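>>> The sequence and its predicted three-dimensional model are supplied below.
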Amino acid sequence: MPQIDLDGEQPFISHLVELRDRLLKAIAAVLVLFLGLAYFANPIYSYLAGPLLKHLPAGTQMIAIEVAAPFLTPFKLTLVVALFLAVPFVLYQAWAFIAPGLYRHERRMVLPLLVSSTALFYSGVAFAYYVVLPLVFGFLTTAAPQGVTVMTDITQYLDFILTIFFAFGICFEVPIATILLIWSGVVSRETLVDKRPYVVVLAFFIGAVLTPPDVVSQTLLALPMWLLFELGLVFSRFFKPREDPEDQPELLQDQGSAPAESIRPANDDDR
């Protein structure tokens, strides 16, 4: 059990020990998943290569330029997949570490946002795989000049799809970012509504920076970002900054006019 000092705060060393333990648990979860998936490394790569293989010209196939690429590339992908699958457990460890230091109204806010952000990240990756990649590869393979045979290196393909997955996964977090900005009081909802044209331009700029240099993938990233921004504005109505006595720790209600920043809960029952 962590030691508790007179002010109800864990000593600094105890925080470091707990952080170490939770990091080890997260790493262990990734390693366990990786070991369980390692046997299926080649089928996993073949599955993720499906959108490209379906659009390659007849008689062509993917190639491996580097000597060790046929062995290392599928295992690299498997490690990424293991990390991807372990995200809920990793986020739970992060939540369990910070939760004791939060008030009850902060817990009610953070936990749904963690769940929502995870679901949105997965949705972004799924959208990229099932919608974006088939359209992108359908366009790129037909755009090759005459006399050029499309034969993609497996390592280059992996780097390409991971970039796409990461870009779409992060950009699908736009509603969460919008809600947090408004809820924290950094910017008002009315200000974001007024700045909507600039947000649209920014979405297309981000699409141009994070995606490969083709119009299809840039547009397919910018449009969902814009729509998700509008979705964030809709849900931000429920997260307006407000002063509510019920949101204060119970201890404050017993302290009269004592400053909020000078009082922290003494135990978990007060949080």
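Yes, it's here.
>>> For the helix or strand in which Ala208 is found, which outside residues touch it?
Ala208 belongs to helix 196-210 when assigned by DSSP states H and E. Residues from elsewhere that reach helix 196-210 (C-beta atoms under 8 Å, 6 or more residues apart in numbering): 163, 167, 170-171, 192, 217-223, 225-226, 229. Every C-beta, even on glycine, is put in place using the N, C-alpha and C of the backbone.
>>> Please report phi then psi for the residue nearest the centre of the chain.
Most central in the chain under C-alpha atoms, centre = their mean is Phe121, positioned 4.5 Å from the mean C-alpha point. The phi/psi pair for Phe121 (degrees, to the nearest 10) reads phi -60, psi -50.
>>> cool, and Ala68?
The phi/psi pair for Ala68 (degrees, to the nearest 10) is phi -90, psi 0.
>>> Just give me the neighbour total for it.
9 (other C-beta atoms under 10 Å).
>>> From Pro74, how far out is it?
11 Å (C-beta to C-beta, to the nearest Å).
>>> can you map out the helices along the stretch 101-250 of the chain?
104-127, 133-142, 154-171, 174-183, 189-194, 196-210, 215-235, 250-253 (DSSP state H, counting those that start in this stretch).
>>> Redo these as TSV? Include mean pLDDT and distance to Val148.
Below are those laid out as TSV (pLDDT from 0 to 100; distance: least, C-beta to C-beta, whole Å):
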stretch	mean pLDDT	distance to Val148
helix 104-127	82	30
helix 133-142	81	10
helix 154-171	88	16
helix 174-183	80	37
helix 189-194	80	46
helix 196-210	81	25
helix 215-235	80	19
helix 250-253	41	70
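>>> In JSON lines: those, plus distance to Ala26.
As requested, the helices of the stretch 101-250 of the chain are arranged in JSON lines below (distance: least, C-beta to C-beta, whole Å):
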{"stretch": "helix 104-127", "distance to Ala26": "14"}
{"stretch": "helix 133-142", "distance to Ala26": "29"}
{"stretch": "helix 154-171", "distance to Ala26": "18"}
{"stretch": "helix 174-183", "distance to Ala26": "21"}
{"stretch": "helix 189-194", "distance to Ala26": "34"}
{"stretch": "helix 196-210", "distance to Ala26": "26"}
{"stretch": "helix 215-235", "distance to Ala26": "28"}
{"stretch": "helix 250-253", "distance to Ala26": "33"}
